[in-house]
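> sequence first, predicted coordinates after that:
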Amino acid sequence: MTTAITSKKLSVKTQTISALIALVSAVALPQIVHVIGAASGMGTSLGEIFLPMHLPIILMGFIVGPYAAGIAGLLSPLVSFALTGMPSSVMLPFMMIELCVYGICSRLLRNVKLPMIAKVLIAQITGRLIRAGAIAIGFYVFDTTVNPAVVLTSVTAGLFGIILQLVIIPLAVYRLTEADNE
């Protein structure tokens, strides 16, 4: 399913509102998942499994401009940390970088002639690679406590969420494109 999204120029107001929606979703969805995790006895591990903060940022990247999606990706972990203390302060800068890259990369891939699932996968891989690089620089250059092995652990733990994004985002973009063309 190759989905070409029309290249309509969105107003600054529309991009700002869309970025706010993505930001609020990226802060609220993890809290919902954490409540479900607490109720089921799984704690915060459901957040690591479902990756609820990533979904709205990648999706929004395919819909709005790279600045709006990138800013929403950059700010959502920071806002979440300020309101809830999650992600941890140690992981915060790395998640900010990762989500910012997701937003920008997905927007830059928007009109590339590839199946939507490939675009989502490329955005996911790019975000994770940039995050891995940032973690490695932090660990080896700035002596942070985050070990680079955490990247492999987070990919393994989040495999279900990655697959979920590969299904939900192309379907959502397809539906939004169809609705926009009517």
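Alright, I've got the coordinates.

> ok, which stretches of this protein are helices?
12-40, 45-50, 54-63, 66-84, 92-108, 116-140, 149-157, 159-181 (DSSP state H).

> tell me which of those helices is the most buried.
Ranked by mean neighbour count, these are led by helix 54-63 with a mean of 26 (mean count of other CB atoms under 10 Å). C-betas here are computed from N, CA, C, even on glycine.

> so which residue is dead centre in the chain?
Taking CA atoms, centre = their mean, the centroid of the chain lies closest to H54, which sits 2.5 Å from it.

> which sections of the protein are below the confidence cut-off?
Applying pLDDT under 70 to the chain picks out residues 1-8, 182.

> returning to what we had before: so who does the residue nearest to the centre of the chain touch?
H54 makes contact with 26, 99, 102, 124, 127, 161, 165, according to CB atoms under 8 Å, 6 or more residues apart in numbering.

> go again using 7 Å as the cut-off
Going by CB atoms under 7 Å, 6 or more residues apart in numbering, H54 touches 99, 102, 161, 165.

> one more: L29?
When contacts are counted by CB under 7 Å, 6+ apart, L29 touches 52-53, 55-56.

> if you set the cut-off to 6 Å instead, what comes out?
Counting by CB atoms under 6 Å, 6 or more residues apart in numbering, L29 makes contact with P52.

> okay, I63 and G73: tell me how far apart.
Per CB to CB, to the nearest Å, I63 is found 13 Å from G73.

> hmm, I typed the wrong one, I wanted I97.
9 Å.

> same thing with L166?
L166 sits 18 Å away from G73 when distances are taken as CB to CB.
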